[in-house]
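> output the structure for:
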Amino acid sequence: MQFSQSEALTFGMELEFQLVSASTGALSPASMGFWEVVKERVDVARFSLEATLSTMEINTSVHTDADAMLTQTMALTQTLCDIAQPIGLWVRGGGTQLTQFWNERIMAPTDRAQELTQRFGFLPKRFSTYGMHVHIGAASADSAIHMGNVLQALGPLFIAMSAASPFLQMSDTGFCASRPLEPLIYPHGGPMPRLKNWHAFEQLADEIFSTQLAHSLKDIYWDVRPKPEFGTIEVRVFDTPLSVHKAVGLAAFTRACAALALKGTLALPTAPPPPTAERVSRFLACRDGLDAKLFDPFSQQWRPAREWLKALVDAIALSPVCAADLRHIQALHANCLIEQDATVMRNTWESALNQDFDVQSRDVAQAKYSRELSLRLMVPAAQSKRPAPATRAGRKSDVEKRAGNQPTPVRPG
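So this is what the prediction gives:
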C-alpha cells in the first residue's frame, strides 16, 4: 500500500453539517439541491455529498496555521448558509439531530451509498450522524502510525471535548456523545489497534479486506486511521461542534498533540494498559463528556478530563506549533472550562419547551431549538459563563433530571 508523503504537521479538516427545515426543525433531505449549486463553483472540491440526503460536508485545503483554516472554513460554511436561507433551511452543527430516526433517512443516489446499503443494510442510515475529521500530515508511513497510536490514546479526551450528540429519536440518550457509539456495531469500527509500524498496518488491512466487508480503507470505521492517498493520519472521533470556531480549535489542538508525539513529549509506555481501561474510558467520555474521569494511557492513571486537558494545553504552550494555533487552543480550553455543547443542546431544548408550554405543535419548539443552535454556527464559542435558561416552576431542569446518569425522556408536544 503506497503512502503519499506530505509535509509533517500540516493539517486539514472535514465538517459534516445538518440541513434542517426552518419551519419544523427537522432534518431536510435537501443536499442534492445544494449540490446543484456548489458543483458550478470553482471550489467545488471543497464540498461533498454524504451517504444520506440531510447532510452536506465541507473539507478544507491543506493549512499551516489555524487562522487561515478558520478563514476558509467560515467562507465555506457561509456559502452553505447562503444557499439554505432562501429555501427555508438552516445549516447547523451537532453530532446528532433531536428528530433523527434512522428509518426516515434517505440514501443519496450515489454508487457509494448504494454499495453501503447492499453491504450493511440499515446501518448506514443509523450511522447517518454528523462528525468532524482532522487530517495531520505525515512525512512517512511509519510516522503516520506513530502519531496515530498517540492520537488514538487521546480518543476519549477528544470525544469528551467535542461531545455534541445527547439526543436521538426524540429522546435524551443519557449520553453527552451518543454518536461515537455507532461505529462500534461495525465489524471494523471503534478504536484503532495499537500498531508497531506501517508493515503491521498493511498486514492488518489485508486481513480486514479478506472478509469482503471492507474493500478499501474508507470501509474501516476506526476512531483514527491512516489516509495513505493524502499522506495523513485522520482523527474521526469528534462530533461536529456547534461552532465553526470550536471546530478549528479542536483541529489545532489535535495537530499540537501530534507535534508532542513527534517530539517524544507524549510517549506511550511499553507496558500494556489494564485490559479494559481504555474501553471503559471511551464509554465514560461518551456518557459524561468533560465531567468524566478518564484513563490517561501516558501516565497509566485515571484523572478528571479537564485536568488532563489542562496538562496537555500547558505542555503545548511550552512549544506551540505556531502562535495562531496556540490562540485557538487557549480559546478552546477556556470554552471547555465553562460549557459543553451537549449541555448547551439540552438547555436550548428545555428553553424551547418552556417558551411553548401551551403550544400544541411540537414543531414550533423544534424549530426554535434548531434556530438557536444554527445561530451559534458562525460565532466564537463562549469563553465566559452564559446565564442558564429559566425553567418552569416545579419542573426539574434537564440537567437535574440526568442526576445519577438516568436517561431523560424528551417531553412530547
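
> can you map out the strands along this structure?
11-21, 47-49, 55-59, 89-92, 131-137, 167-168, 171-172, 189-190, 221-222, 224-227, 232-239, 293-296, 301-304 (DSSP state E).

> check which helices and strands the last one sits against.
This means strand 301-304. Helices and strands touching strand 301-304, by 3 or more C-beta pairs under 8 Å, 6 or more residues apart in numbering; DSSP states H and E, are strand 293-296. C-beta: built from backbone N, CA, C; applies to glycine.

> which residues touch the strand it packs on?
Here strand 293-296 makes contact (C-beta atoms under 8 Å, 6 or more residues apart in numbering) with 156-157, 160, 273-274, 277-278, 280-281, 284-285, 301-305, 308.

> just the strands of the chain: most buried one?
strand 232-239 (a mean of 27; mean count of other C-beta atoms under 10 Å).

> run the chain-centre distance for that one.
Strand 232-239 has its average C-alpha position 8 Å from the chain's average C-alpha position, going by C-alpha atoms, centre = their mean, to the nearest Å.

> packing partners for it?
Counting contacts by 3+ C-beta pairs under 8 Å, 6+ apart, strand 232-239 is packed against strand 131-137, helix 141-153, helix 155-162, strand 224-227, helix 244-263.

> just put these in a markdown table and tack on mean pLDDT and distance to L98.
Shown next, in a markdown table, are the helices and strands packed on strand 232-239 (pLDDT from 0 to 100; distance: least, C-beta to C-beta, whole Å):
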| stretch | mean pLDDT | distance to L98 |
| --- | --- | --- |
| strand 131-137 | 98 | 17 |
| helix 141-153 | 98 | 30 |
| helix 155-162 | 98 | 18 |
| strand 224-227 | 97 | 29 |
| helix 244-263 | 98 | 20 |
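
> tell me the most buried of these?
Across those, averaging neighbours per residue (mean count of other C-beta under 10 Å) puts helix 155-162 on top, at a mean of 28.

> quick one: the closest residue to L332 other than its chain neighbours from A315, how far?
The shortest distance from L332 to any non-neighbouring residue, by C-beta to C-beta, 6 or more residues apart in numbering, is to G249 (3.2 Å). With the distance defined as C-beta to C-beta, to the nearest Å, G249 ends up 16 Å from A315.

> picking up where we left off before, quick one: closest of the strands of the chain to T117.
Nearest of the strands of the chain to T117, taken as C-beta to C-beta: strand 47-49 at 14.8 Å.

> give me the average confidence score over the closest one.
Average pLDDT, strand 47-49: 95.

> what lines up beside it in the sheet?
The pairing partners recorded for strand 47-49 under DSSP bridges are strand 55-59 (antiparallel).

> now the angle between strand 11-21 and the strand it pairs with, please.
Using axes from the mean of the first three to the mean of the last three C-alpha atoms, to 10 degrees, the direction of strand 55-59 lies 160 degrees away from that of strand 11-21.

> residues making contact with strand 55-59?
With C-beta under 8 Å, 6+ apart, strand 55-59 has contacts from 12-19, 31, 34-35, 45-50, 73, 76-77, 80, 91, 128, 130.

> low-confidence regions, the protein specifically.
356-360, 383-413 (pLDDT under 70).

> show me where it has its helices.
Secondary structure of the chain, counting by DSSP state H: helices at 31-38, 66-84, 111-120, 123-126, 141-153, 155-162, 198-209, 244-263, 277-288, 305-318, 323-338, 341-355, 362-374, 398-401.

> T73 contacts K246, correct?
No - checked against C-beta atoms under 8 Å, the pair T73 and K246 is beyond contact range at 11.0 Å.

> what number of residues lie near the nearest residue to T348 once chain neighbours are set aside?
Using C-beta to C-beta, 6+ apart and skipping residues adjacent in sequence, the residue nearest T348 is E372, 5.0 Å away. By other C-beta atoms under 10 Å, 20 other residues sit near E372.

> next one: C81
The local packing of C81 (other C-beta under 10 Å) involves 17 other residues.

> and for T348?
Close neighbours of T348, defined as other C-beta under 10 Å, add up to 21.

> from C286, how far out is it?
From T348 to C286 the distance is 20 Å (C-beta to C-beta).

> same question for G189.
From G189 across to C286, the span is 14 Å (C-beta to C-beta).

> now E372
Counting by C-beta to C-beta, the gap from E372 to C286 is 24 Å.

> how about the strands of the chain, which one is nearest L332?
Of all those, it is strand 232-239 that lies closest to L332, at 12.0 Å by C-beta to C-beta.

> so A138 touches G231, yeah?
Yes - with contacts counted by C-beta under 8 Å, A138 reaches G231, the gap being 6.0 Å.

> shared neighbours of those two, anything?
Shared contacts of A138 and G231, counting by C-beta under 8 Å, 6+ apart, come down to F3, Q5, S6, A144.

> among those, who's most crowded?
Neighbour max across the shared contacts of A138 and G231 (other C-beta under 10 Å) = A144, 30 neighbours.

> any idea how far that one lies from F209?
To F209, A144 is 19 Å away according to C-beta to C-beta.

> check M32 too.
From M32 over to F209 the distance is 32 Å, taken as C-beta to C-beta.

> these two: which is more packed in?
F209 (16 against 12).

> how many other residues sit next to the nearest residue to that one once chain neighbours are set aside?
Leaving aside its sequence neighbours, F209 sits nearest to H215 (C-beta to C-beta, 6+ apart; 6.8 Å). Neighbours of H215 under the rule other C-beta under 10 Å: 11.

> if we can go back for a sec, was I right about the residue nearest to L332 contacting A331?
Yes - counting by C-beta under 8 Å, G249 touches A331, with 5.8 Å between them.

> hang on, the earlier thing: got the contact list for the residue nearest to L332?
By C-beta under 8 Å, 6+ apart, the neighbours of G249 are A66, H328, I329, A331, L332, N335, A381.

> correct me, but the residue nearest to T348 touches Q355?
No - the criterion here is C-beta under 8 Å, and E372 misses it with Q355 at 10.4 Å.

> hang on, the earlier thing: pipe the helices and strands packed on strand 232-239 into a markdown table and attach distance to A365 per row.
Formatted as a markdown table, the helices and strands packed on strand 232-239 follow (distance: least, C-beta to C-beta, whole Å):
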| stretch | distance to A365 |
| --- | --- |
| strand 131-137 | 26 |
| helix 141-153 | 39 |
| helix 155-162 | 26 |
| strand 224-227 | 38 |
| helix 244-263 | 25 |
